[in-house]
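K.L.:
below: sequence and its predicted model.
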Protein chains: 2
Amino acid sequence: MRIGELARRSGLSRDTLRFYERQGLIASAPGAEATNSYRDYPEEALITLEQIADAQAAGMSIADLAILLGQLEAADPDSFDGEAFLQERIEEVEARIERAGRFLGSLRQAKAALVAPPVRRGP
Amino acid sequence: MRIGELARRSGLSRDTLRFYERQGLIASAPGAEATNSYRDYPEEALITLEQIADAQAAGMSIADLAILLGQLEAADPDSFDGEAFLQERIEEVEARIERAGRFLGSLRQAKAALVAPPVRRGP
DNA sequence: CAAAACCATGGAGTTAAGTCAACGGTTTTG
DNA sequence: CAAAACCGTTGACTTAACTCCATGGTTTTG
């Protein structure tokens, strides 16, 4: 598909998609009939973009994501000590989720306090 | 306590603390004997800073945090429709945690695949 | 008591992640 | 077939969240 369709379907701007491509997060090929300069994005790009959104929600930087996506699809295990890298990210993300969960608790508590103001119960 | 101690105890830089103070996230008072210009930070600042870290892990911006911290301590319910604001943040954070959890799953799977490479099992 | 460590202020600089504008070429559509 | 919609490239711009620097005063410490 062309970039416009990918933009519409992913909800991202064309500029963002081009930015991601420059960073190596997604890839495109020259259009089938290379009569023009239009590029062709594969269907899987949509999946990759979803993964990128997940990863960003988990606090990953685009630089780290580029490493990850590159390595995970290279599937060339012994060329890179991915285990240590992955373990570090896993721990970071776990910590982040814990923190976010704590904050969510505070938010819910704050809302409950607003809905039922702190008046003393009882006679 | 003075800013240096707060920095050491919180693990943040003095510059970051001053930045947070300018943004209204923490507060300080003139030192007890105002013979100098040194400011005094209350013990609770450490707790607030932890909350800020949690909130940031949950994807909150400092601008939003300033609103939240201001409103939650104002405790002046009917001056601000905090319920809607809180509900929006709650939903954002929930969505973010879900995404992050999905990503964590991918990371764990990727690591498992590295540790036990994808060779076909069986005789 | 002097050097080292600390403090406040103001303003400039940095990084990440986009976003915008302008240009000229290409398809699509009425 | 012409206007509208789309495409690629380049490079400047923006925003958030810090970070650094310089200056000049204040405490602490050996």
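P.N.:
Cool, the structure landed.

K.L.:
quick one: name the residues of chain A near DNA strand C.
P.N.:
For chain A, the residues in contact with DNA strand C under the definition CB under 7 Å from any atom of the strand are A:12-13, A:15-16, A:19-20, A:35-38, A:56, A:61-63. Any C-beta I mention is one placed from the backbone N, CA and C, and that applies to glycine too.

K.L.:
now render the residues you listed as CSV, adding pLDDT.
P.N.:
Conversion of these to CSV gives the following (pLDDT from 0 to 100):
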residue, pLDDT
A:12, 98
A:13, 98
A:15, 98
A:16, 98
A:19, 98
A:20, 98
A:35, 81
A:36, 86
A:37, 88
A:38, 95
A:56, 98
A:61, 97
A:62, 97
A:63, 95
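
K.L.:
now do the strands in chain A.
P.N.:
Counting by DSSP state E, residue ranges of the strands within chain A are A:29-30, A:39-40.

K.L.:
pLDDT of stretch A:69-77, averaged?
P.N.:
For stretch A:69-77, the mean pLDDT works out to 66.

K.L.:
follow-up on the earlier one: out of the residues of chain A next to DNA strand C, which end up buried?
P.N.:
Those of the residues of chain A next to DNA strand C that meet the buried threshold are A:12, A:20, A:56, by 16 or more other CB atoms under 10 Å in any protein chain shown.

K.L.:
burial of the residue nearest to the first one when sequence neighbours are not counted, as a residue count?
P.N.:
Which is residue A:12. Leaving aside its chain neighbours, residue A:12 sits nearest to residue A:49 (6.7 Å; criterion: CB to CB, 6 or more residues apart in numbering or on different chains). By the criterion of other CB atoms under 10 Å in any protein chain shown, residue A:49 has 21 neighbours.

K.L.:
thought residue A:49 was touching residue A:21?
P.N.:
No. Counting by CB atoms under 8 Å, no contact exists between residue A:49 and residue A:21, whose distance comes to 11.1 Å.

K.L.:
so how far is chain B from the closest residue to DNA strand C within chain A?
P.N.:
With CB to the nearest atom of the strand as the measure, the residue in chain A that lies nearest DNA strand C is residue A:36; the distance is 3.0 Å. Between residue A:36 and chain B the computed distance is 36 Å (CB to the nearest CB, to the nearest Å).

K.L.:
contact partners for residue A:82?
P.N.:
Residue A:82 makes contact with A:71, A:72, B:110, B:111, B:114 under the criterion CB atoms under 8 Å, 6 or more residues apart in numbering or on different chains.

K.L.:
count of neighbours near the fourth one?
P.N.:
Right, the one you point to is residue B:111. Summarising burial for residue B:111: neighbours were counted as other CB under 10 Å, giving 18.

K.L.:
could you pull out the helices in chain A for me?
P.N.:
In chain A, the segments counted as helices under DSSP state H are A:3-10, A:14-22, A:44-57, A:62-74, A:82-115.

K.L.:
turn the residues of chain A next to DNA strand C into a markdown table, columns for distance to residue A:101.
P.N.:
Conversion of the residues of chain A next to DNA strand C to a markdown table gives the following (distance: CB to CB, whole Å):
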| residue | distance to residue A:101 |
| --- | --- |
| A:12 | 28 |
| A:13 | 31 |
| A:15 | 34 |
| A:16 | 29 |
| A:19 | 31 |
| A:20 | 29 |
| A:35 | 53 |
| A:36 | 50 |
| A:37 | 47 |
| A:38 | 45 |
| A:56 | 18 |
| A:61 | 22 |
| A:62 | 25 |
| A:63 | 26 |
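
K.L.:
any weak-confidence spans in chain A?
P.N.:
Along chain A, the model assigns pLDDT under 70 to residues A:34, A:72-80, A:117-123.

K.L.:
near chain B, which residues of it show up?
P.N.:
A:51, A:53-55, A:57-60, A:68, A:72, A:77, A:82-83, A:86-87, A:89-90, A:93-97, A:99-104, A:106-108, A:110-111, A:114-115, A:117 (CB under 8 Å from any CB of the partner chain).

K.L.:
alright, that wraps it up for me.
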